[in-house]
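Trainee: fold the following and give me the result.
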Amino acid sequence: MARVLLVHGAFGSAACWDLVAPRLREAGHDVEAFDLPGSGEDPTPVEDVTLDAYADRVCDRLAAGPPAVLVGHSMGGVVITQSAARCPERIAALVYVAAFLPAQGQSLLDLTQLPEGAGDQVQANLVVEGDPPVARLPAQACREALFGSCDEQQLAWALARRGPQPAAPFAQPVELGGPANEAFVALPRAYVTCTRDRAIPPPLQRRMLTEARCDPVIELDTDHSPWVSAPDRLVSVLGGLAAGY
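Mentor: Residues are numbered from 1 along each chain as shown. Sure, this is the predicted structure:
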């Protein structure tokens, strides 16, 4: 079976995958979820949290084993894109789960400003403070933007796994050229789109996955966070994709 690396999104940590990773392992896959710098239990200072640091972390994890299926959720889509441009030889395929998927020179913030991003409830409710800046999303805004399909138990579980997010990576554009560009471009890309997403509106997801030529594209009728709102369905999708690669 496949080696699978799970990359969390903004405000998250490896713990966000706790309902997904064990079930993928039960299906026979070699699965790893880990904290990005400055998230979860990782002690990296806020001033050192950058998109480059994220990509370095992912490539380091990839180097510890055979080529992997690299899965990114939300902001994790930017992270896996930049990582894939750095070390494509370590990747079997890219899987985007309700994720930002930038082209050369685009940042996460650039993508949110596209016309298809109108109505994004994260940007509408984001609180950014401090120097260096740290972003937070109030609990009620999390409910509306991220966890709209969750019941109360799922919501409580998810909120307990949220934290502050260093804001610098939001504005940093991906750099996708370089000597490995041909291998990067050739990587298989799949997209799992969430039809009730209020963080990355479905029209923006469709624009990004179309421009990146993702195939296959799989729809889940759920909110932005299927790792908690629809873990069984997400496990089935990721397991099937991983087995195929």
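
Trainee: who's in contact with stretch 201-214?
Mentor: 96, 98, 100-103, 111, 114, 116-120, 189-191, 193-195, 197, 217 (C-beta atoms under 8 Å, 6 or more residues apart in numbering). Just so you know, the C-beta spots here come from the backbone N, C-alpha and C atoms, and that holds for glycine as well.

Trainee: one more time with 7 Å, if that's ok
Mentor: Counting contacts by C-beta atoms under 7 Å, 6 or more residues apart in numbering, the residues outside stretch 201-214 that touch it are 96, 98, 101, 103, 111, 114, 116-120, 189-191, 193, 195, 197, 217.

Trainee: emit the ChimeraX select command for whichever of those are buried.
Mentor: Buried subset of the contacts of stretch 201-214, written as a ChimeraX selection, criterion 16 or more other C-beta atoms under 10 Å:
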select :96,98,101,111,116,117,120,189,190,191,193,197
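
Trainee: keep only those of the contacts of stretch 201-214 that are in strands.
Mentor: Among the contacts of stretch 201-214, the members found in strands (DSSP state E) are Y96, R189, A190, Y191, T193, V217.

Trainee: and those, which is closest to A230?
Mentor: T193 (12.7 Å; C-beta to C-beta).

Trainee: show me what the closest one bridges to in the sheet.
Mentor: Counting by DSSP bridges, T193 forms beta bridges with E219.

Trainee: make 16 the starting number, not 1.
Mentor: Understood, numbering begins at 16; the last thing we discussed is T208.

Trainee: so who does it touch?
Mentor: Contacts for T208 (C-beta under 7 Å, 6+ apart) come out as A113, P217, Q220, R221, L224, V232, E234.

Trainee: same thing with V250?
Mentor: For V250, the contacting residues are V35, R38, L39, by C-beta under 7 Å, 6+ apart.

Trainee: quick one, helices of this structure?
Mentor: Using DSSP state H, the helices of the chain run over residues 36-41, 66-77, 91-101, 123-127, 136-140, 154-160, 167-174, 183-186, 196-200, 217-226, 241-244, 246-259.
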